[in-house]
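Colleague: My questions concern the predicted model and sequence given below.
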Amino acid sequence: MAPASERARLRRKVAYVDAAGRATEDPAAAVSGEIAELDAHGRPLRRSRFFLDRSELPWLPVSESAFLLWVLAGLIVIWAAIGVFLTLT
């Protein structure tokens, strides 16, 4: 890691790309991009690329969030059933 005085002289240049492949300034709309750290002369020292992958699970007939809600509901029902069983015994 660079010393604090050297890090203070570094500049960051961020480029975001939206889902349509166009450059954007909005980080919330970005699905990929690049962060470049530049030295005092504007030369790139380090580049970091990032992307967000929103792939669906092919075996899941509903969205992932709906599936997780059903799993949570199932676990709550099981927990309640165990509580009722232990109360009655």
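Modeller: Happy to help now that I have it.
Colleague: Can you pull out the low-pLDDT segments for the chain?
Modeller: 1-9, 53-56 (pLDDT under 70).
Colleague: biggest helix in the protein by residues?
Modeller: Determined from DSSP state H, the single longest helix within the chain is helix 64-88.
Colleague: what's the spacing between that one and its chain's center?
Modeller: Mean-position distance between helix 64-88 and its chain equals 28 Å (Cα atoms, centre = their mean, to the nearest Å).
Colleague: Quickly list the domain ranges of the chain.
Modeller: Following automatic domain parsing, the chain resolves into domains at 1-54, 56-89.
Colleague: Deepest-packed of the ones you listed, please.
Modeller: Highest mean neighbour count of these: domain 1-54, a mean of 11 (counted as mean count of other Cβ atoms under 10 Å). Just so you know, the C-beta spots here come from the backbone N, C-alpha and C atoms, and that holds for glycine as well.
Colleague: gap between the most centrally placed residue in the chain and Gly74?
Modeller: Nearest to the mean C-alpha position of the chain, by Cα atoms, centre = their mean, lies Leu52 at 6.5 Å. To Gly74, Leu52 is 29 Å away according to Cβ to Cβ, to the nearest Å.
Colleague: Looks like the residue nearest to the centre of the chain contacts Ser32 (just checking).
Modeller: Yes. Using Cβ atoms under 8 Å, Leu52 is in contact with Ser32, at 7.0 Å.
Colleague: tell me the SS of Gly21?
Modeller: coil (DSSP: H, G, I helix; E, B strand; the rest coil).
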